[in-house]
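Colleague: Turn this into a structure:
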Amino acid sequence: MSGADLALLQALPGLAFQAVLLFCRVGSALMLMPGLGEAEIPAPLRLAIALALVVLLLPALAPILPGPPEAPLDALALLAMEIATGLWLGTLARLIVLALAMAGQAIAAMVGLAGMLVADPALGPQGTALGRAFGLLAATLVLATGLHGLALRALAESYAVLPAGDPFPAGAAAEALAMAGGASFDLALRLSAPFVMGAVVLNVALGLLARLAPQVQTFFIAVPGQILAGLALLMLLAAPMLLAFEAAVRASLLAMPGAL
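Modeller: Just a heads-up that it's a prediction; the model follows:
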């Protein structure tokens, strides 16, 4: 056996541990990443993507990854910290994308479509059909515009600002999650604001109609009109809403730890 082969055999345990360490962060983040981490993507495909990313990143990151610790408990603690870091990064990327689905939920309530419920793994056991459609649209938009590449780049570059083996910054992580959640709610409210204002104006008009003409069955007039007016407004505002959503998601992903 040559010296090179012997050196390779001696390095294999360390490389294997580094690959597992890398997979912990990459795999846990990929479960929550927008676009690639959707529930509609089969689990074997997501696993294959995570393993492919490990193969691609390991040669570049191996020099800065720690080797296997002497104590098994230290190794388990190191793996747990990497999983926590990956889940944190994935959640940061996921929160802003949820804004479009939340806006869809609010719009459905405003236009009279809140009774149409479907299974929604993103927002809970049941959600509105419009919210579910907006969630799928958000994932499609992320993949079509290449925004998932920004999230993956931030994940790869995160080792520069969050080296493996360093203590997990729990306080800064909680603050970042709170800010990301607030930004997501803010974006959802901005996207659904025209429909909220339209619903307020419509309900005020119906209240005045009910007082001026009590004999008119306003409920039977209001429901079809509310749905038709809401869908017409959605048709007019769909393109600007998606442009605003894409810009907000891009800005949020570029602000992630490690993003350049």
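
Colleague: Helices along the stretch 51-200 of the chain, start to end?
Modeller: 72-111, 129-145, 147-161, 170-212 (DSSP state H, counting those that start in this stretch).

Colleague: Would you mind listing the buried residues in the third one?
Modeller: Put plainly, it is helix 147-161. Across helix 147-161, burial judged by 16 or more other Cβ atoms under 10 Å covers 147-148, 150-156, 158-159. Just so you know, the C-beta spots here come from the backbone N, C-alpha and C atoms, and that holds for glycine as well.

Colleague: nearest to M179, of those residues?
Modeller: Here the nearest of the buried residues of helix 147-161 to M179, counting by Cβ to Cβ, is A154; it sits at 15.7 Å.

Colleague: what about that closest one, distance to T140?
Modeller: 21 Å (Cβ to Cβ, to the nearest Å).

Colleague: one step back: would you list the buried residues of helix 147-161 in JSON lines and tack on pLDDT and distance to P68?
Modeller: As requested, these are exported to JSON lines (pLDDT from 0 to 100; distance: Cβ to Cβ, whole Å):
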{"residue": "L147", "pLDDT": "91", "distance to P68": "36"}
{"residue": "H148", "pLDDT": "89", "distance to P68": "32"}
{"residue": "L150", "pLDDT": "90", "distance to P68": "32"}
{"residue": "A151", "pLDDT": "90", "distance to P68": "29"}
{"residue": "L152", "pLDDT": "91", "distance to P68": "26"}
{"residue": "R153", "pLDDT": "91", "distance to P68": "28"}
{"residue": "A154", "pLDDT": "90", "distance to P68": "27"}
{"residue": "L155", "pLDDT": "90", "distance to P68": "23"}
{"residue": "A156", "pLDDT": "89", "distance to P68": "22"}
{"residue": "S158", "pLDDT": "89", "distance to P68": "21"}
{"residue": "Y159", "pLDDT": "90", "distance to P68": "18"}
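
Colleague: any chance of those in JSON lines, with distance to G115 too?
Modeller: Output for the buried residues of helix 147-161, formatted as JSON lines (distance: Cβ to Cβ, whole Å):
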{"residue": "L147", "distance to G115": "33"}
{"residue": "H148", "distance to G115": "34"}
{"residue": "L150", "distance to G115": "37"}
{"residue": "A151", "distance to G115": "35"}
{"residue": "L152", "distance to G115": "39"}
{"residue": "R153", "distance to G115": "42"}
{"residue": "A154", "distance to G115": "40"}
{"residue": "L155", "distance to G115": "40"}
{"residue": "A156", "distance to G115": "44"}
{"residue": "S158", "distance to G115": "43"}
{"residue": "Y159", "distance to G115": "48"}
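
Colleague: Tell me the one of these nearest A101?
Modeller: Closest to A101 out of these is L147 (15.6 Å), distances taken as Cβ to Cβ.

Colleague: For A71, which residues are in contact?
Modeller: By Cβ atoms under 8 Å, 6 or more residues apart in numbering, the contact set of A71 is empty.

Colleague: which phi and psi does it have?
Modeller: Torsion angles at A71 (phi, psi; degrees, to the nearest 10) stand at phi -90, psi 140.

Colleague: I am finished for the moment; much appreciated.
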